[in-house]
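> Below is the sequence, then the predicted model.
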Amino acid sequence: MSSSSRTRHARVLVLTACSALASLALLATAPVAAVSTRSFVLDDAASFGMGELDHVAVRSDGRVVPAIGFDRVALPEDVGLVWCAALGSDGAIYLGTGETGRIYRVRGENVELFAETGQLMVSALTLGAGGTLYAGTLPEARIYALDTAAAAPVTPRELSRPAPTDGSAAAEHIWDLAFDASHHRLFAATGPEGRVYAIDTANGNASVYFDSLAEHVMALALAPDGVLYAGTTDEALVLRITAANTATVVEDFPGNEITALALRDGVLAVAANEFPEAPAVSGGSTKRSATAGRSARPRPGKALVYRVGADGRSERIHSQDDAHVTRLEWGSSGELYAALGNEGRVVRIESDRSSSIWADVDERQVLAMSIGGSAPFFATGDGAAMYRVTGASPSGASWISKVLDGEFRSRWGGLDWRGHGALRFSTRSGNTARPDATWSDWSAEITSPGPIRSAAGRFLQIRAVFPDGALDAELRSVTAYYLPENQRPVVSAVGIKRAPSKREVDPSMPPSPSSAMPLGWSLDNPDGDRTRYRLRYRGEAQTVWRSMLEEHETLSATEYTWETSALPDGYYVVEVEASDELSNPSDLVLRSNASSESILIDNHAPTVTVSASGTTVRGEAVDTLGPIMRLEIAVDGGDFHLLFPVDDLFDAARERFEVDAATLGIAAGAHIIAVRAFDAAGNQGSAEVTVTIAAAAARRPTR
């Protein structure tokens with residue numbers, strides 16, 4: 001198997017921190033930062049199963065073991081996929097293909113064109129009496145009879161085009177065929193009207209044997225006593241049909257399609273798949289058209305496999321979240337084989353419900369197989385090929401891990417494993433997610449744990465080669481240690497971190513004054529190292545930085561409250577330094593710095609002066625920095641009201657004001673007039689003056 005033909009995406013990748021002592025022992029080839037050492041740990045069926053398997057099996061208990069051997073038989077290049085297959089009585093294998101509608105016959109290594117149907121796809125094959133091969137097609141739902149004793153190429157004889165006798169819509173797709181030898185008839189599972197037809201093999205007459213509520217009947221299994229089992233789409237029902245139009249539901253399974261049935265000694269195996277949206281097959285009507293027909297080419301889905309006993313009790317024996325099941329076959333010892341539709345694999349399920357990835361090939365889909373007979377084989381789509389199971393002890397069996405991502409350029413440390421037998425390990429590395437010509441070659445093999453001999457890089461693959469003929473060899477776990485190249489923590493966006501204030505509701509209102517300045521900043525920390533911050537400040541026009549923190553103070557939060565009460569008013573710049581020294585030794589520490597924009601520090605109130613001349617109150621508010629942003633006036637300790645400056649604009653550090661007290665709506669007599677001013681920082685200053693209003697001067701306010 002080509003190690004670069006595909007990359008599996010592992011779902012399990014365990015990153016563990018190691019102690020300093022363990023790191024020094026396992027990474028003796030290079031100095032490392034103990035707290036930054038990481039490891040890839042692959043020790044279960046999920047992580048092993050995401051690798052490439054060449055004549056090895058991954059068992060559900062997390063062991064990789066040698067598998068049975070198989071040989072690839074190449075098919076003509078113009079064959080797009082093998083959809084179905086049948087084993088002839090003489091040992092010949094018949095393959096029904098898609099995109100060309102041909103049937104090929106395989107004898108030994110010889111592959112010959114057996115027949116051409118002229119249809120888009122041969123979707124079902126089954127062997128009948130007297131060596132007759134029956135073939136179902138789509139999209140015209142034709143059924144052909146072919147004499148397997150004839151020399152190739154054979155001209156197929158059209159046996160039937162199933163259609164109801166009442167004139168309603170004919171079938172368009174033949175999905176499965178089952179031959180009933182006792183009645184010399186052929187059962188056909190069809191769509192998109194969801195019917196099972198019985199076809200007389202003598203004359204081709206077709207009658208509706210059962211009319212389901214589903215859009216498609218996808219799979220059939222015929223029991224020796226004549227009971228027919230049928231799997232449907234939509235509600236994923238399995239029907240038990242005992243006579244024409246007489247059926248009971250075996251079970252309503254999860255998912256939306258039953259794609260495969262297999263019957264042995266009264267035990268029924270069921271593949272219930274859940275697919276995403278089903279694309280329509282053009283042409284024809286549907287009964288209850290929530291969706292149109294199923295696409296001929298399988299789509300990725302997920303599957304559950306059930307075992308239904310003779311007593312009708314069902315039990316889930318396998319689940320597949322990342323692939324759907326296309327075929328089921330019972331093995332000679334009671335094991336069950338499930339072909340997967342998007343991983344190029346066959347899973348073997350034991351009677352105790354344990355399982356293993358039994359076969360793994362380069363092609364993406366396994367769509368046809370026959371395992372329990374005298375000539376076991378399986379065939380594929382998305383790259384059509386046939387694989388003959390040899391039964392011989394495989395040579396060159398190997399397992400290659402998925403591409404392991406260190407996230408950054410890394411130095412590789414030790415490689416360790418647990419297993420049995422004379423396993424040989426090698427590695428390769430690179431900087432692309434898919435191995436290509438830029439990757440290193442496979443390293444020299446090692447037979448005992450030791451240093452990884454591949455060049456530094458971001459990505460790593462591990463290969464384990466099993467000894468020839470050693471069926472008892474096994475691999476249980478692999479651990480690869482590595483040290484990612486340290487990444488610099490980058491600090492940015494240094495500034496004031498204020499909570500929402502009343503000023504955001506009313507811009508004319510001053511902020512609440514405080515000498516505690518809440519600072520905040522952002523950090524981009526690619527490798528997640530612990531970060532320490534140092535804070536410094538300087539006056540806007542100065543060049544000397546002063547520390548906010550003592551060296552023994554360790555700040556790791558991205559915020560800090562700066563007490564500014566001892567500072568002169570003015571504009572200041574704050575600098576934050578980020579360092580990953582808490583996670584790295586001194587020679588590997590990386591730092592970055594970022595500065596704020598100028599920050600106003602203003603802890604002193606403006607000065608307010610006020611005087612009175614008759615009923616006229618005038619004065620000014622002066623701030624060191626400015627601007628004055630609000631003036632207010634109150635009479636005799638009452639509520640303060642907005643007072644505009646003389647020029648009506650709050651735009652300077654000095655603002656003059658003037659008001660005629662007689663316009664404030666106060667009674668004759670002596671009154672205390674208070675004026676207060678706010679600067680941009682919210683600091684408040686005030687002053688007051690006494691004004692006497694004569695009786696003749698008192699009047700209603702004009703402002």
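That came through fine.

> Using the record's assignment, carve the chain into domains.
14-68+397-484, 70-389, 490-601, 607-693 (automatic domain parsing).

> Take these and write them to TSV, including mean pLDDT.
Conversion of the domains of the chain to TSV gives the following (pLDDT from 0 to 100):
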stretch	mean pLDDT
domain 14-68+397-484	85
domain 70-389	89
domain 490-601	91
domain 607-693	93
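
> got those domains as TSV, with mean neighbour count columns?
Backbone N, C-alpha and C define where each C-beta goes, glycine included. As requested, those are exported to TSV (neighbours: other Cβ atoms under 10 Å):
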stretch	mean neighbour count
domain 14-68+397-484	19
domain 70-389	19
domain 490-601	15
domain 607-693	17
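
> tell me the SS of residue 48?
Look at residue 48: counting by DSSP: H, G, I helix; E, B strand; the rest coil, its state is helix.

> Which residue, neighbours along the chain excluded, lies closest to it?
residue 58 (4.6 Å; Cβ to Cβ, 6 or more residues apart in numbering).

> which helices and strands does the strand or helix carrying that neighbour pack with?
Secondary structure from DSSP states H and E places residue 58 in strand 56-59. Helices and strands touching strand 56-59, as assessed by 3 or more Cβ pairs under 8 Å, 6 or more residues apart in numbering; DSSP states H and E, comprise helix 45-49, strand 64-66, strand 355-360, strand 398-400.

> Quick one: closest of these to residue 260.
The closest of the helices and strands packed on strand 56-59 to residue 260 is strand 355-360. By Cβ to Cβ, the value is 16.0 Å.

> returning to that earlier point: these two touch, right, the residue nearest to residue 48 and residue 67?
No. Under the criterion of Cβ atoms under 8 Å, residue 58 makes no contact with residue 67, lying 9.2 Å away.

> so what sits against both of those two?
residue 356 (Cβ atoms under 8 Å, 6 or more residues apart in numbering).

> Would you mind giving both backbone torsions of residue 43?
Main-chain dihedrals, residue 43, degrees, to the nearest 10: phi -150, psi 20.

> And for residue 588?
Backbone torsions of residue 588, given as degrees, to the nearest 10, read phi -110, psi 0.

> and it, how far is that from residue 581?
Counting by Cβ to Cβ, to the nearest Å, the separation of residue 588 from residue 581 is 9 Å.

> do the same with residue 100
Applying Cβ to Cβ, the value for residue 100 to residue 581 is 67 Å.

> what's the closest non-adjacent residue to residue 44?
residue 62 (4.4 Å).

> Can you name the residues that contact that neighbour?
So residue 62 contacts 43-45, 48, 476-477 (Cβ under 8 Å, 6+ apart).

> tell me the SS of it?
coil.

> returning to that earlier point: nearest approach to residue 562 belongs to which of the helices and strands packed on strand 56-59?
helix 45-49 (48.9 Å).

> tell me what the closest one is packed against?
Against helix 45-49 (3+ Cβ pairs under 8 Å, 6+ apart) you get strand 56-59.

> if we go to 10 Å?
Judged by 3 or more Cβ pairs under 10 Å, 6 or more residues apart in numbering; DSSP states H and E, the packing partners of helix 45-49 are strand 38-42, strand 56-59, strand 64-66, strand 355-360, strand 474-484.

> relative to strand 474-484, how tilted is the strand ranked longest in the chain?
Determined from DSSP state E, the single longest strand within the chain is strand 404-420. Strand 404-420 and strand 474-484 are oriented at 150 degrees to each other (axes from the mean of the first three to the mean of the last three Cα atoms, to 10 degrees).

> now strand 404-420, how far from the centre of its chain.
23 Å (Cα atoms, centre = their mean, to the nearest Å).

> Which residue ranges of the stretch 201-350 of the chain form strands?
206-211, 217-222, 228-232, 237-243, 246-252, 257-264, 267-274, 302-308, 314-320, 325-330, 336-340, 345-349 (DSSP state E, counting those that start in this stretch).

> what about the ones you listed, which gets the closest to residue 72?
Among the strands of the stretch 201-350 of the chain, strand 345-349 sits nearest to residue 72 (Cβ to Cβ), with 13.9 Å.

> Output the contacting helices and strands for that closest one.
Partner elements for strand 345-349 (3+ Cβ pairs under 10 Å, 6+ apart): strand 56-59, strand 302-308, strand 314-320, strand 325-330, strand 336-340, strand 355-360, strand 365-370.

> Just the angle for that strand relative to strand 314-320, thanks.
150 degrees.

> Indicate each strand paired with strand 345-349 and its parallel or antiparallel sense.
Strand pairing for strand 345-349, using DSSP bridges, gives strand 336-340 (antiparallel), strand 355-360 (antiparallel).
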